[in-house]
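J.: take a look and give me a structure for this.
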Amino acid sequence: MPKFFSKVIIFSILLSIPILGNCQSGEIDTTLYKLKFLEPSKTYDKKRFYAYSGATVAIYAGTIIALDQIWYSDFEKSKFHTFNDLGEWEDMDKVGHLFSAWMESSANFDAALWTGVDRNKARWMGTAFGFLYQASFEVLDGYSKKWGFSFADVGFNTAGVLLFIGQDIAWQDQRIKLKVSSKRINYESYLVASENGEATMDLRTRAIDLYGGALSARYIKDYNAQTLWASANIHSFLKNKDSRFPKWLNLAVGYGGHNMFGGFENEWEYEGLNYRLPDEDFPRYRQFYLSFDVDMQKIKTKNNFVKLLLRVVNTFKIPAPALEINTLGKVRVHALHW
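T.: The predicted structure follows:
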């Protein structure tokens, strides 16, 4: 079952305090009035730094404990071992690791700026958190018989934190933001015969067993429904910074996969019987998208709560027309892609 989004959801819940919008150290003059909670400090604030440090430790420890009790406890443990899962789920999981590491580094960086530390320190604090946070999951995977320590996961985790720190060093900005979108898929009724021919299973049953039946579960679990995006702000790359080109308009490149009902192949075990979905009827394939997007954090506002809200909403790509090219050799135009 897809697992990286379970980590992201737990992280997002526990990180509700440290995510503080697009904070920029030095923008607020703190000598004239008492800081509001969501305002970044111009100078180092010891109380805020201790609060940030305590929250970071609590998030880290709380997530590890929660995952160990809620997720890994349902699966058999083993000695530490490695596992080559490159290609599993058409590498949607790998792109998910890239997304998670970038998001965690970026959010922790913003939280560090809130305490008043200088940008360089905040940058490395965010990077260290993103890398170590994800690395801990790989260690847990290494003791799980179902999975294992994945060097591919570590590689994509590293790429995620490098995407964050590289952009901040080069531009002091995240001109390219990673986002996610998802849609509900109504799986067709299709009877799959067991290998011994003694039973059949409806494909809808397999989808519910794998991804869940509720809309919320499908959104965070269904790899067939998800698209992960790299959304680049066009105005930030223009040489003329006074250009009237919309500052909020982005160009987004997306990645997805379809017809995935198993990790590497569409075969599975259910109630002691083995099933396999015919490749000719349900070929697995990868999807590449080109679309437009909106950078919500470019919307001007002085309200720090609105900034926070825009920061959170900016995790999701807006529905927009999209061009799809897939590994089946087909080109499709979507009037509106979710």
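J.: quick one: the strands in the stretch 151-300 of the chain?
T.: Taking DSSP state E, counting those that start in this stretch as the test, the strands found in the stretch 151-300 of the chain are 176-182, 191-193, 200-202, 226-233, 249-258, 267-270, 273-276, 285-294.
J.: name the helices or strands packed onto the second one?
T.: Which is strand 191-193. When contacts are defined as 3 or more CB pairs under 8 Å, 6 or more residues apart in numbering; DSSP states H and E, strand 191-193 sits against strand 200-202, helix 203-211, strand 273-276. C-beta here means a position set from N, CA and C on the backbone, and glycine is covered the same way.
J.: now with 10 Å?
T.: Judged by 3 or more CB pairs under 10 Å, 6 or more residues apart in numbering; DSSP states H and E, the packing partners of strand 191-193 are strand 200-202, helix 203-211, strand 267-270, strand 273-276.
J.: the strands of the stretch 151-300 of the chain: which one's closest to Lys300?
T.: strand 285-294 (13.5 Å; CB to CB).
J.: the closest one - contacts with which helices or strands?
T.: Secondary-structure packing of strand 285-294 (3+ CB pairs under 10 Å, 6+ apart): strand 176-182, strand 226-233, strand 249-258, strand 320-326, strand 331-337.
J.: so what strands line up beside the fourth one?
T.: Okay, so that is strand 320-326. In the sheet, strand 320-326 lines up against strand 285-294 (antiparallel), strand 331-337 (antiparallel) (DSSP bridges).
J.: for it, buried residues please.
T.: Across strand 320-326, burial judged by 16 or more other CB atoms under 10 Å covers 320, 322, 324, 326.
J.: what does stretch 89-108 give?
T.: 89-108.
J.: which of the residues you listed fall within helices?
T.: When those are checked against helices (DSSP state H), the matches are 92-108.
J.: next, format the strands of the stretch 151-300 of the chain as JSON lines and append distance to Ile220 and mean pLDDT.
T.: Conversion of those to JSON lines gives the following (distance: least, CB to CB, whole Å; pLDDT from 0 to 100):
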{"stretch": "strand 176-182", "distance to Ile220": "8", "mean pLDDT": "96"}
{"stretch": "strand 191-193", "distance to Ile220": "25", "mean pLDDT": "94"}
{"stretch": "strand 200-202", "distance to Ile220": "23", "mean pLDDT": "95"}
{"stretch": "strand 226-233", "distance to Ile220": "9", "mean pLDDT": "97"}
{"stretch": "strand 249-258", "distance to Ile220": "15", "mean pLDDT": "98"}
{"stretch": "strand 267-270", "distance to Ile220": "20", "mean pLDDT": "94"}
{"stretch": "strand 273-276", "distance to Ile220": "25", "mean pLDDT": "95"}
{"stretch": "strand 285-294", "distance to Ile220": "19", "mean pLDDT": "98"}
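J.: so for Asp85, which of these sits nearest?
T.: Asp85 sits nearest to strand 249-258 of all the strands of the stretch 151-300 of the chain, at 14.3 Å, using CB to CB.
J.: can I get that closest one in PDB? Just the C-alpha atoms.
T.: Provided in PDB are the C-alpha atoms of strand 249-258 (Å, rounded to 0.1, in the frame of the first residue of the first chain):
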ATOM      1  CA  LEU A 249       1.200  33.000 -12.900                       C
ATOM      2  CA  ASN A 250       3.200  29.700 -12.900                       C
ATOM      3  CA  LEU A 251       4.100  27.100 -15.500                       C
ATOM      4  CA  ALA A 252       3.800  23.600 -14.100                       C
ATOM      5  CA  VAL A 253       5.200  20.200 -15.100                       C
ATOM      6  CA  GLY A 254       3.400  17.200 -13.700                       C
ATOM      7  CA  TYR A 255       4.000  13.500 -13.300                       C
ATOM      8  CA  GLY A 256       1.500  10.700 -12.700                       C
ATOM      9  CA  GLY A 257       0.800   7.000 -13.400                       C
ATOM     10  CA  HIS A 258      -2.300   5.000 -14.200                       C
END
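J.: winner for burial among the helices and strands packed on strand 191-193?
T.: Greatest average neighbour count among the helices and strands packed on strand 191-193 goes to helix 203-211 (a mean of 17), per mean count of other CB atoms under 10 Å.
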